[in-house]
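A.B. asks: A structural model of the following input is requested.
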Amino acid sequence: MIEPGTRRHAIDMVASELFHTNGYAATSVRDIAKALDIQAASMYAHVASKEDVLWSIVDGAATAFERRADDALGDASATDPVDRLAALVEAHVEVITADPQRSSVFVTEWRHLSPERRSAISDRRDAYEARFRTAIEDGIAVGAFGATDPALAATFLLTALNGIATWYRPDGRLSADRIADHYVDLALRSLSEDHR
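C.D. replies: Have a look, this model is predicted:
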């Protein structure tokens, strides 16, 4: 993990903002260096390449999502799939709203990684999605959720959750906690039998 307050951390923060705003492909090392008010050559004392910066951001975001989901599942009722899914949704919103720019880069720019790194992140994304899918499968099995395709339902929820990174603002109309509450409610109602 990169220590906050270090030059390396500052590079990731600035790059997250630029990748979020302009996209990875349209952002150069020179753009990152200019935003940091350093020479482009000076950046190479801290990073080997622009892709290494992207990897650091994406890997850090993946770790944040994984850790928070694991914490949420540890706190949620192990036997109640509704509680588990609610905890996962809330945890996902917390990670996104804590750092929407890094989350946005994780969601949209990871495909620019080299094949090996892209494959590693794809595997982690699949394992993360499985947490949601399992909670949905378990909810269907006990009659808490309507019969549906659990994989598609998990993709639906994660797509909606990931969209928060495109519009969330800390000074917006709703606090992060209120957004999490609304998304939990929407997620559970979308899967329930009686919402029709």
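
A.B. asks: What residues of the lowest-mean-pLDDT helix or strand in the chain count as buried?
C.D. replies: Taking mean pLDDT, DSSP states H and E as the measure, the chain has helix 40-43 as its least confident helix or strand, at a mean of 80. Of all the residues in helix 40-43, those buried under the rule 16 or more other Cβ atoms under 10 Å are Met43. The C-beta positions use only the backbone N, C-alpha and C, and glycine is treated the same way.

A.B. asks: What is it packed up against?
C.D. replies: With contacts defined as 3 or more Cβ pairs under 8 Å, 6 or more residues apart in numbering; DSSP states H and E, helix 40-43 has these neighbours: helix 29-36.

A.B. asks: Rounded mean pLDDT for the helix it packs on, please.
C.D. replies: Across helix 29-36, the average pLDDT comes to 91.

A.B. asks: How far off centre is that helix?
C.D. replies: Put simply, helix 29-36 sits 25 Å off its chain's centre (Cα atoms, centre = their mean, to the nearest Å).

A.B. asks: what's the answer for stretch 142-159, then?
C.D. replies: Relative to its parent chain, stretch 142-159 has a centroid offset of 19 Å by Cα atoms, centre = their mean.

A.B. asks: Alpha carbons of that stretch, in CSV - could you do that?
C.D. replies: Extracted C-alpha coordinates of stretch 142-159, given in CSV (Å, rounded to 0.1, in the frame of the first residue of the first chain):
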residue,chain,number,x,y,z
VAL,A,142,-35.1,-19.3,0.8
GLY,A,143,-37.8,-17.4,-1.0
ALA,A,144,-36.6,-13.9,0.1
PHE,A,145,-36.0,-12.9,-3.6
GLY,A,146,-38.0,-13.7,-6.7
ALA,A,147,-36.8,-16.3,-9.2
THR,A,148,-34.3,-14.7,-11.5
ASP,A,149,-30.9,-15.3,-13.0
PRO,A,150,-28.5,-14.6,-10.1
ALA,A,151,-25.5,-13.7,-12.3
LEU,A,152,-27.6,-11.2,-14.3
ALA,A,153,-29.1,-9.8,-11.2
ALA,A,154,-25.6,-9.3,-9.7
THR,A,155,-24.4,-7.6,-12.9
PHE,A,156,-27.5,-5.4,-12.8
LEU,A,157,-26.8,-4.3,-9.2
LEU,A,158,-23.1,-3.7,-9.7
THR,A,159,-23.7,-1.7,-12.9
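
A.B. asks: Give me the buried stretch members for it, please.
C.D. replies: Using 16+ other Cβ under 10 Å as the test for burial, stretch 142-159 gives 144-145, 150, 153-154, 156-158.

A.B. asks: Turn those residues into TSV, including pLDDT, secondary structure and distance to Leu188.
C.D. replies: Shown next, in TSV, are the buried residues of stretch 142-159 (pLDDT from 0 to 100; DSSP: H, G, I helix; E, B strand; the rest coil; distance: Cβ to Cβ, whole Å):
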residue	pLDDT	secondary structure	distance to Leu188
Ala144	94	coil	9
Phe145	96	coil	8
Pro150	97	helix	15
Ala153	97	helix	12
Ala154	98	helix	14
Phe156	97	helix	13
Leu157	98	helix	10
Leu158	98	helix	15
